[in-house]
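# structure of the sequence below:
(chains A and B)
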Amino acid sequence: MGATLLQDRPPLVEVTPQGLFCPPGGFYIDPWRPVEQALITHAHGDHARGGSQRYLAARAGQALLRKRLGSDAELATLEYGERLTVGDVTVSFHPAGHVLGSAQIRIEHQGEVWIVSGDYKRTPDPTCAPFEVVRCDTLITEATFGLPIYRWDDPRLVAEDILSWWDGNRELGRASVLFCYALGKAQRILAELARLTDRTVLVHGAVSSLVASYREAGVQMLPTQLVSETEKGASFAGALVLAPPSAGGSTWMRRFGDVATAFASGWMRVRGNRRRRGFDRGFVLSDHADWPELLRTVEETQASRVLVTHGYSEPLARYLREKGLDAAPLATPFEGEAED
Amino acid sequence: MRRFADLYDALDATTSTNAKVEAMARYFREAPPQDAAWALYFLTGRRLKRLLTSKMLVPWTQELTGIPDWLFAEVYASVGDLAEVIALLLDQYERPATPEDLPLSWWLEQRLLPLKDLEPAEQREQVLSWWKVLPRRELFLLNKMLTGELRVGVSDTLVVRAVAQVAQLPPATVSHRLMGTWYPSRAFFEQLLSPDVSDGDVSRPYPFYLASPLEQPVESLGDPKDWLVEWKWDGIRGQLIRRQGNVYLWSRGEELITERFPEISEAAEALPDGTVIDGEVLAYENGRPLPFSRLQRRIGRQKLTPKVLAEAPSSFIAYDLLEERGEDLRGLPLRERRSRLEALLEDKPRFTVSPEVEASSWEELAMLRHESRGRNVEGFMLKRLESTYQHGRKRGDWWKWKIDPFTVDAVLLYAQPGHGRRSSLYTDYTFAVWNGSELLPVAKAYSGLTDQEISRLDRWIRGHTREKFGPVRSVDPEHVFELHFEGIAASPRHKSGIALRFPRIARWRLDKKPQDADSLASLQELLHAQH
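Numbers count the residues shown, from 1 in each chain, chains lettered A, B, ... in the order given. Purely as a prediction, here's the structure:
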């Protein structure tokens, strides 16, 4: 029997109304509607949704997923790299370097290998296992920051900038409110800052419980205190406060008095994004791959075909095609690093 | 240039006016005077002629980065600023660990300005060599200067405050010294800070007395005979100063606008020295004010060509006499100031004293007020005849009794996040009216809803987004809002062909369906009825 050309084989993963579906495995990946069997890449809300009958995920993300899916959800886990047969395929989870417990999903079927990257980054992050390059035939990659203007500085330098901003505000007797995603970014900032200082950081309730999960997983971070547990009438002058972006502009902000605000996000790379949002400062810190990391990943996985999901999927796919790869966008409702 | 980049960032990083003034004052104190002069040049909105075009810069960037045309276009569309796109794309180069830091003035005088005498190949070589070593922030500013687009988001008033603080001079003196054309040099900056204040004193205006909106029934003001009633002219409130042979026209925002209105400054030469008049700058023709939009068009023009002057001839309508023969009259009652003003201007036909509206009762005035729109005025000003000329918005003696605004029912079409406190909420809205079966945007409005309504609408917007364009979302055309506005003008810059003045949200009309919204035709009718 002659070898079938890869392109002629039925896809191992396709987009259906319920989500990304693997026909020979009979399961969905990060489905956006309830399904029977869901494989989950990580615990962010646009990837881990409740309501499905059975879930399978990487063990390192178990605690966070439990918080998202509830204690009733039927959740099985695998160690990174551990293989399991599901339907006619073999699946395994591999570190994606995005947030604690985040994974790429490897699917193998009759010698053909697909990788669904989920969200990922290549920049070092003390809060999670680093991205593992897994060779594959087809790579389904995200492209949240799939334009060549997106390049990240060394996160340790960004942490130094954050600290000097905090110090500057302290000298002026001002509180520093740093907006960042409650899951992943906040803990990464606390871990990066722990290399530079040992001061306590105040956190919003949405951040606090996730910090506890990270601590249980052994991640070293600055000491934290809940904003709501500070003494009544205490001054916030000089404090650093981590809060989700949704807390901005809410009545919750009023307590801080004289305050400087900042947002830590890859979007802050572009001036207009910060100005439109009205933040005093923007720190360019992202849990997604920048342009060079996306290109490097495509190259290192040696994939001959690349499907590009959320973000700047069209430009990245076109750029890869012009480099001679078989690449196309794939429409999904994943949000990547949402701007709000 | 690093110090200037720090200043630029500091101004960019705060919305607090005090912090902006503080940052500029620090720069003026610390920078070499020659650099400070150049910084002032840009801070006051002056611009260099464009040295290089984007047609040149784009291919040079592509040459260095290998980015194809379509991808460059994609990136440009997502950033919207060429200087920034180039700075971000070139960020892939290793920079020297300790980049040299040359003074701003050296950059401008020794490097940038001489570019214009070079051949394109030499220009390219120069620019590329700078691009390879300059850190990103400075590279961004360099590109802005090259393309003649460097603008700093700070008002002249704040710049003046900062210089005044450093020089310990009155702001009016500094503002006056910054007027007109000057070349940014060490000598200029030192002269600007010099303590000799004689020239500044002459131009200095008095603080304006502002009227408060009348919210109570007009009858509560007592006998109409105690009040001076004037039409509320829709122009630019101004103070005209004639001292020591010079003429100065100040706007309420303490901006010297003398040169913008040559007709008025010429007419003022007929005034005796030591005269200060409070009044209104209006576009005025055949004894009748023109709509504010005509004056606005004129303000927007860079050059006052004869055509521009003919389209919107300006005139000064006098309200009040603040100084006569060098004597400050502000402590006298309005009755007395007004009769002195009339006597002073009696033989000066190029000035008009704002006429007194005569009526025996408030009812009669209320009737007359309906004529406001036909007269291109905004209602009445009511001033107590015994009032002194106070300063700021002191309630009690001066009231503005405005006419009701125009209204239109329009459909919410786009939304984008607001600023500051509201930066996480969709609070900036674009509204549309029907043009046949199509909804055409006619106004943007930011205010008028309660916090509760804003958060309710914000949730609705997030759930009913059709498309996202950067920060802007298009939404399902479902909700109708009653907008109020103060005026309407033809505008070739808008797709709808009209521009509304001061549009704001009056009510969320949950009782109306999108098909109940107004049509473009009804707004056009309003426009024609006006002119």
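# centroid residue for the chain?
Picked chain A for this. Against the mean C-alpha coordinate of chain A, by C-alpha atoms, centre = their mean, the closest residue is A:His98 at 4.3 Å.
# meant chain B, my bad for not saying
Note: chain B centre (C-alpha atoms, centre = their mean) maps to B:Ser155, 8.7 Å.
# what's the distance between that one and B:Ala162?
Counting by C-beta to C-beta, to the nearest Å, the separation of B:Ser155 from B:Ala162 is 11 Å. For glycine as for every other residue, the C-beta is placed from the backbone atoms N, C-alpha and C.
# tell me, how many residues neighbour residue 305?
The chain I'm using is chain A. Here the number of neighbours of A:Arg305 (other C-beta atoms under 10 Å in any protein chain shown) works out to 18.
# wait, chain B was what I had in mind.
Quick note: B:Thr305 (other C-beta under 10 Å) scores 10 neighbours.
# just A:Ala48 next, same as before
Neighbours of A:Ala48 using other C-beta under 10 Å come to 23.
# so who does it touch?
With contacts taken as C-beta atoms under 8 Å, 6 or more residues apart in numbering or on different chains, A:Ala48 has the following neighbours: A:Asp30, A:Ile40, A:His42, A:Ala57, A:Leu65, A:Arg68, A:Leu69.
# apply 10 Å and report the result again.
A:30-31, A:38, A:40-42, A:55, A:57, A:61, A:64-65, A:67-69, A:73 (C-beta atoms under 10 Å, 6 or more residues apart in numbering or on different chains).
# go ahead and confirm B:Tyr41 touches B:Leu108.
Yes. With contacts defined as C-beta atoms under 10 Å, B:Tyr41 counts as touching B:Leu108 at a distance of 8.9 Å.
# coming back round to it: got any residues that touch both of B:Ser155 and B:Ala162?
What both B:Ser155 and B:Ala162 touch, as defined by C-beta under 10 Å, 6+ apart, is the set B:Lys20, B:Leu43.
# what's the first helix or strand after the least confident helix or strand in chain B by mean pLDDT?
The weakest-scoring helix or strand in chain B, judged by mean pLDDT, DSSP states H and E, is helix B:198-203 (a mean of 66). Going down the chain from helix B:198-203, the next helix or strand is strand B:212-213, by DSSP states H and E.
# what's the first helix or strand after that following strand?
Following strand B:212-213 in sequence, per DSSP H and E, is strand B:227-233.
# can you spell out which helices and strands pack onto that following strand?
If contacts are counted by 3 or more C-beta pairs under 10 Å, 6 or more residues apart in numbering or on different chains; DSSP states H and E, strand B:227-233 sits against strand B:275-285, strand B:314-324, helix B:334-345, helix B:362-369, strand B:377-384, strand B:398-402.
# and the next helix or strand past the first one?
This means strand B:275-285. Strand B:275-285 is succeeded, C-terminally, by strand B:288-289 (DSSP H and E).
# list the buried residues in the helix or strand following that next one.
Remark: after strand B:288-289, the chain's next helix or strand is helix B:292-300, criterion DSSP H and E. Buried residues in helix B:292-300, defined by neighbour count with 16 or more other C-beta atoms under 10 Å in any protein chain shown: B:Phe292, B:Ser293, B:Arg294, B:Leu295, B:Gln296, B:Arg297, B:Arg298.
# equivalent analysis for stretch A:287-299, please.
A:Asp287, A:His288, A:Ala289, A:Asp290, A:Trp291, A:Glu293, A:Leu294, A:Leu295, A:Thr297, A:Val298.
# residues contacting the second one?
Contacts for A:His288 (C-beta under 10 Å, 6+ apart) come out as A:98, A:119-123, A:142-146, A:150, A:152, A:265-266, A:294, A:310-311, A:336-337.
# out of the residues you listed, which are inside strands?
A:Glu142, A:Ala143, A:His310, A:Gly311 (DSSP state E).
# from A:Val158, how far out is the residue of the stretch 151-300 of chain A at minimum distance from chain B?
For the stretch 151-300 of chain A and chain B, the shortest gap (C-beta to the nearest C-beta) falls at A:Gly278, measuring 3.6 Å. Distance, A:Gly278 to A:Val158, using C-beta to C-beta: 21 Å.
# same check on B:Lys348?
Distance from B:Lys348 to A:Val158, by C-beta to C-beta: 66 Å.
# who has more neighbours out of the two?
A:Val158 (20 against 14).
# I'd say that one and A:Trp152 touch.
Yes. Contact status for A:Val158 versus A:Trp152: in contact at 8.1 Å, counting by C-beta under 10 Å.
# list residues touching both of the two?
A:Thr123, A:Val284, A:Leu285, A:Ser286.
# burial of the closest residue to the third one other than its chain neighbours, as a residue count?
Closest residue to A:Leu285 in three dimensions, ignoring its sequence neighbours and counting by C-beta to C-beta, 6 or more residues apart in numbering or on different chains: A:Ala264, at 4.5 Å. Here the neighbour count serves as a burial measure; for A:Ala264 (other C-beta under 10 Å) it reads 25.
# again with the one 5 residues further on
Residue neighbour count, defined by other C-beta under 10 Å, stands at 24 for A:Arg269.
# pretty sure it contacts B:Val85?
No. Using C-beta under 10 Å, A:Arg269 is not in contact with B:Val85, being 11.6 Å away.
# which neighbours do these two have in common?
Common neighbours of A:Arg269 and B:Val85, using C-beta under 10 Å, 6+ apart, are A:Leu147, A:Ile149, B:Val79.
# give the contact list for the first one.
Applying C-beta under 10 Å, 6+ apart, one finds that A:Leu147 lies in contact with A:269-270, A:290-291, A:294, A:311-312, A:315-316, A:319, B:67, B:71, B:74-75, B:77-79, B:85, B:88-89.
# whichever of the residues you listed end up buried, select them in PyMOL.
Only the buried entries of the contacts of A:Leu147 go into this PyMOL selection, using 16+ other C-beta under 10 Å:
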select buried, (chain A and resi 269+270+290+291+294+311+312+315+316+319) or (chain B and resi 67+71+74+75+78+79+85+88+89)
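# which one of the contacts of A:Ala48 sits closest to A:Glu229?
Proximity of the contacts of A:Ala48 to A:Glu229 (C-beta to C-beta) peaks at A:Lys67, which lies at 19.8 Å.
# quick check: the closest one vs A:Leu210, distance?
Distance of A:Lys67 to A:Leu210, computed by C-beta to C-beta: 7 Å.
# just B:Pro313 next, same as before
67 Å.
# the two: which is more packed in?
A:Leu210 (22 against 17).
# quick one, phi psi at that one?
phi -70, psi -30 (degrees, to the nearest 10).
# OK, contacts around it?
A:43, A:63-64, A:67, A:99-100, A:181-184, A:186-187, A:203.
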